[in-house]
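> My questions concern the predicted model and sequence given below.
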Amino acid sequence: MLESGCKAVKEGVLEKRSDGLLQLWKKKRCILTEEGLLLIPPKQPPQQQQQQPLPAEPAAKIKELHFSNMKTVDCVERKGKYVYFTVVMAEGKEIDFRCAQEQGWNAAITLQMVQYKNRQAILAVRSTRQKQQHLAQP
């Protein structure tokens, strides 16, 4: 169970393409929950931490891609041992990922996103019906 109360559906490593000029692939430890995808920078080996301290760097910059802000997961292509896919956010931002084909991250993220959106739609319909029933009462 995570701090947010959501259970982890899948955990592992994904590679995310950086936004910078070189667009390098960086490994991120990922936790897929029923609410979204958590991206956690991989831990540095203890030797590097002692040699190069990063005082301004927080212990772990966790980034959450919440399903409420996600629009789609597009499978771009299968090339060699990797599947390349893009998470498109509601504001139009695109985040590129890759993983080994057998890991199936793109399918797992898509499935959880669809289930999340379905739960939200059901809650919206129930809420609307309750309001209508409340207004219909004398």
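Thanks, I have it. Note that the structure is predicted; figures quoted are calculated from it, not measured. Numbers count the residues shown, from 1 in each chain.

> Give me the mean pLDDT for the helix or strand hosting residue 30.
Using DSSP states H and E, residue 30 sits within strand 25-33. The average pLDDT within strand 25-33 is 95.

> Adjacent strands (with direction) for the next helix or strand after that strand?
Scanning forward in sequence from strand 25-33 by DSSP H and E, the next helix or strand is strand 36-40. Each strand paired with strand 36-40, and its direction, by DSSP bridges: strand 25-33 (antiparallel), strand 63-66 (antiparallel).

> Give the buried residues for the longest one.
Think strand 25-33. 28, 29, 30, 31, 32, 33 (16 or more other CB atoms under 10 Å). C-beta: built from backbone N, CA, C; applies to glycine.

> pLDDT at the most centrally placed residue in the chain, what is it?
Residue closest to the average C-alpha location in the chain (CA atoms, centre = their mean): residue 37, at 2.3 Å. For residue 37, the pLDDT comes out at 97.

> State the distance from residue 19 to residue 114.
Using CB to CB, to the nearest Å, residue 19 is found at 27 Å from residue 114.

> Would you mind telling me which of those two has the busier surroundings?
Taking other CB atoms under 10 Å, residue 19 and residue 114 do not tie; residue 114 has more neighbours (12 against 9).

> isn't there a helix covering the more buried one?
Yes - the assignment for residue 114 by DSSP: H, G, I helix; E, B strand; the rest coil puts it in a helix.
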